[in-house]
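1. please find the sequence and the predicted model below.
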Amino acid sequence: MAKIKLAKDKIEKLIDICKSFNNEGSELINVLHQAQHNFGYLPAEVQEVVARELDVSVAHVYGVVTFYSFFTMVPMGEFPISVCMGTACYVRGAEKVLEELKKHLKVPIGETTEDGKFSISCLRCVGACGLAPVVTIGERTYGRVAAGDVADILKEYQN
Amino acid sequence: MEKYKMHILICGGTGCRASASELIQSNLENALKAKGLEDEVQVVTTGCFGFCEKGPIVKILPDNTFYVEVKPEDVDEIIEEHIIKGRQVMRLLYTDPDKKETVSDSKHMDFYKKQIRIALRNCGFINPENIDEYIARDGYSALGKCFEMTQQAVIDIVKASGLRGRGGGGFPTGLKWEFASKNDADQKYVVCNADEGDPGAFMDRSILEGDPHSVLEAMAICAYTMGADIGVIYIRAEYPLAIERLKVAIKQAREYGLLGKDILGSGFNFDVEMRYGAGAFVCGEETALIHSMEGLRGEPTVKPPFPAESGYNGKPTNVNNVETFANIPVIINKGAEWFSSIGTEKSKGTKVFALAGKINNVGLIEVPMGTTLREVIYEIGGGIKDGKKFKAVQTGGPSGGCLTEKHLDTPIDFDNLLAAGSMMGSGGMIVMDEDNCMVSMAKFYLEFTVEESCGKCTPCRVGNKRLHEMLDKITEGKGTLQDLDLLRNLSGVIKDTSLCGLGQTSPNPVLSTLDNFYDEYLAHVVDHKCPSGQCKALMQYIIDPELCVGCTLCARNCPVDCIAGERKEAHIIDVEKCIKCGACMDKCKFNAISIQ
Ligand SMILES: Cc1cc2nc3c(=O)[nH]c(=O)nc-3n(C[C@H](O)[C@H](O)[C@H](O)COP(=O)(O)O)c2cc1C
Ligand code: SF4
Ligand code: SF4
Ligand code: SF4
Ligand code: FES
Ligand code: FES
């Protein structure tokens, strides 16, 4: 196995998480949820520690991480932006909002701006279809967003 | 609830929380305290009222006043006028768009008139985080009743009710319970499927947010009939509020002895755990769901064996959908005959739909089976937004199809929707108007399927990708007539040869749009035009020389300098160079620029 480069306290935290699920391989998904909650993302080093602690192969962990879209191997921005691409938002023009965001931030979907401030991702129905199209930034939800609103919304975070 | 003279219910559903309902709640509480009314008036946070379009919703009891689109700054007026002086705040009442009259009681609103609420009976009425309120509305009495009956007697009631699974398949629930009960094993499981993968649907989420105990009670009833002592709720990690409410509900039920050992002195043990999905649509399929619960990649496997024989950890497992479960306690309490008197011959009871898209009243509705699409769209839904023309309604999510004008009078039930080329699905209902391109719609769903296919079998993994490529080509204006035949043929192959329900249904959006909107495909392929103006590659920005005054604003804003013209003379766009950014149209103050 490759040398693990994570900081010591982080490794310990991971070991604790695995322990809280009795180091059972069948709890892998719950462990990954916890790990992502703590570290924000699941880099290879984290997956290696989890594999070792749960006594499963790294390939198995990697297979699960890449199968589920909720898990990410790249860090998100300080203000993660998600555009709802559920059907209700799509038919009400979410695509245009997404285009506008990409234009402003100059990054494609799934990536983070160079300054680490924003990342863009797509979601599927956040349950606020009455407010479609919906964009979330961190914990905040913006409803009835038009492409023309994008610049103003981003301004709130740019200082 | 008796202690208080009045109650203020405030919607705590996801939709209303997105428009500051939590702040309204704390403002209400503070304002009541400031007036010394906190012992007389209680603020209750409920689940979704259904009328999300007009949220945030505040309802006052006992007079049933229903306030819509309430803002945090309206709170003082509500307290001052309504609570203290007993006068309704007229400007916050709902105005009927046809009659132009205000309606203060939701009972009399067109949105609610045709609805019958069984699965949603408590949503918007009780505080989901308080088990006493559930119990006060007959909660857990059905479970008590079941303990006085034999297992088979309970199964017989569910069978006689005619209830069919609400997760999409429509399989008779009672029959499924009977299978699971007949398989002997040392360990059995009850699983609640709360993966709700249809993008644009929020029925299950709203039930769990608004009435979590109804699902817990039903799971316990199911467990009793089949002899299971562990229940698992598989829920999307993207539903933080529903997860939170479930956790609270499970804890309270345990404290009340309604989960755990020897429930209500019956000798029956049952407890519930939670497992979290991680954003994979295919995990809604029951065999995939079970693999995901075991910590594996959520790939479907061949049935048989059905979960009822060999499911979670290889043991007999019964999987039901959230809404299916939410119906159970009422069926036990009110009887199979009552339930089966609602609905059509082969589809009994009601169905919850998440009504959304280009419709005036977006929200969560529950209607008896047999209600027509027209009633749902025009009476409950209030018609199409901005006076536009109705074009299609999509049911069944990525597995379903687009229905048109000619299907509007079809009574909604499992069999009719299937016969019309769509399906019931889990309850997403998306309305589209003349501005929505149906080829793009099919492409949208295929994009989803391609992303969500687990990749296990070739027809689904590769076939759907090819379908998507062809649709993409058509929306780019590069499709041929031959492509249309190919689309149809390939769709048939994918349907026939895929392993699981995802692949077997994924071509439905393509087939139903080909059937119902062939002209629109032809327009893309033959005329290279998108009639609804959605396909970017096929549109052209043009300046109407009659309307253009030559102000030059558009030319100065065009990023690629493709607008030419002298000051005070009509301008002209070089369509070859235009990148269709739309900047010119946004800027023109004389409406001289349009899309063709
Ligand atoms: C691709 C696919 C996705 C599915 N997604 C869901 C879902 O999100 N929720 C659900 O309850 N059932 C879903 N189902 C249906 C389940 O496999 C299963 O039939 C259902 O949970 C059984 O419960 P019911 O009989 O109460 O409907 C899906 C099926 C397929 C093939
Ligand atoms: S049909 Fe598609 S989703 Fe289903 S098993 Fe095959 S590849 Fe996976
Ligand atoms: S902005 Fe409008 S009016 Fe002005 S030059 Fe352009 S098209 Fe003509
Ligand atoms: S759409 Fe954009 S590129 Fe085309 S003419 Fe207008 S401003 Fe220029
Ligand atoms: S589809 Fe975007 S919130 Fe439901
Ligand atoms: S979320 Fe408040 S009415 Fe639906």
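-> Arrived safely, thanks for sending. Ligands and ions are numbered 1, 2, ... in the order given.
2. CA only for contacts and neighbour counts going forward, please
-> Noted.
3. tell me which residues touch the most centrally placed residue in chain A, please.
-> When Cα atoms, centre = their mean is applied to chain A, the residue found nearest the centroid is A:Thr72 (5.5 Å). Taking Cα atoms under 8 Å, 6 or more residues apart in numbering or on different chains, we find A:Thr72 in contact with A:41-42, A:65-66.
4. so who does residue 79 touch?
-> Defaulting to chain A. Going by Cα under 8 Å, 6+ apart, A:Phe79 touches A:117-119, A:137-138.
5. switch to chain B, please.
-> So B:Ile79 contacts B:28, B:31-32 (Cα under 8 Å, 6+ apart).
6. neighbours around whatever residue of chain A ends up closest to ligand 6, how many?
-> Residue of chain A nearest ligand 6, by Cα to the nearest ligand atom: A:Ala128 (7.0 Å). Per other Cα atoms under 10 Å in any protein chain shown, the neighbour tally for A:Ala128 reads 30.
7. so which residues of chain A form helices?
-> A:8-20, A:28-39, A:44-54, A:58-67, A:87-91, A:94-105, A:150-155 (DSSP state H).
8. so where's chain B shaky on pLDDT?
-> B:1-2 (pLDDT under 70).
9. show me what from it comes close to ligand 4.
-> B:541, B:558-560, B:562-563, B:573, B:578-584 (Cα under 6 Å from any ligand atom).
10. B:Gly165 against B:Gly174, yeah?
-> No. Using Cα atoms under 8 Å, B:Gly165 makes no contact with B:Gly174, being 9.5 Å away.
11. now, which of the contacts of B:Ile79 sits nearest B:Val58?
-> Nearest to B:Val58 among the contacts of B:Ile79 is B:Leu28, at 10.5 Å by Cα to Cα.
12. any idea how many residues pack against residue 117?
-> Assuming you mean chain A. Number of residues near A:Lys117 (other Cα under 10 Å) recorded here: 16.
13. look at chain B instead
-> Neighbour count of B:Arg117, defined by other Cα under 10 Å: 19.
14. contacts only, for the residue of the stretch 201-350 of chain B found nearest ligand 3.
-> Of all residues in the stretch 201-350 of chain B, B:Ala201 sits closest to ligand 3, at 41.2 Å by Cα to the nearest ligand atom. Residues near B:Ala201 by Cα under 8 Å, 6+ apart: A:125, A:127, B:353-354, B:427-429.
15. again, 10 Å this time
-> Neighbouring residues of B:Ala201 by Cα atoms under 10 Å, 6 or more residues apart in numbering or on different chains: A:86-88, A:124-129, B:353-356, B:364, B:396-397, B:426-430.
16. over to B:Lys536?
-> Residues near B:Lys536 by Cα under 10 Å, 6+ apart: B:475-477, B:530, B:579-581, B:595.
17. what's the closest of these to ligand 2?
-> Distance to ligand 2 across those (Cα to the nearest ligand atom) is lowest for B:Thr475, with 24.6 Å.
18. that closest one and ligand 1: what is the separation?
-> Distance, B:Thr475 to ligand 1, using Cα to the nearest ligand atom, to the nearest Å: 26 Å.
19. returning to that earlier point: list phi and psi for the residue nearest to the centre of chain A.
-> Dihedral angles of A:Thr72 (phi, psi; degrees, to the nearest 10) stand at phi -130, psi 140.
20. now A:Val56
-> Here is the backbone geometry of A:Val56 (degrees, to the nearest 10): phi -130, psi 170.
21. in the helix or strand where B:Ile155 lies, what counts as buried?
-> Per DSSP states H and E: B:Ile155 is located in helix B:151-161. For helix B:151-161, the neighbour count (16 or more other Cα atoms under 10 Å in any protein chain shown) marks B:151, B:154-161 as buried.
22. how close does B:Arg245 sit to B:Gln252?
-> 11 Å (Cα to Cα, to the nearest Å).
23. okay, and the common contacts of those two?
-> Contact criterion Cα under 10 Å, 6+ apart; residues shared by B:Arg245 and B:Gln252: B:129-130, B:213.
24. what residues does the stretch 251-400 of chain B have near ligand 1?
-> The stretch 251-400 of chain B comes close to ligand 1 at residues B:282, B:284-286, B:319-321, B:324, as judged by Cα under 6 Å from any ligand atom.
25. in helices, which of those fall?
-> Reading helices off those with DSSP H, I get B:286, B:324.
26. a markdown table for the residues of the stretch 251-400 of chain B next to ligand 1, including neighbour count and distance to B:Ile135?
-> Shown next, in a markdown table, are these (neighbours: other Cα atoms under 10 Å in any protein chain shown; distance: Cα to Cα, whole Å):
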| residue | neighbour count | distance to B:Ile135 |
| --- | --- | --- |
| B:Val282 | 23 | 36 |
| B:Gly284 | 26 | 31 |
| B:Glu285 | 22 | 33 |
| B:Glu286 | 23 | 31 |
| B:Val319 | 30 | 25 |
| B:Asn320 | 24 | 23 |
| B:Asn321 | 23 | 23 |
| B:Thr324 | 22 | 20 |
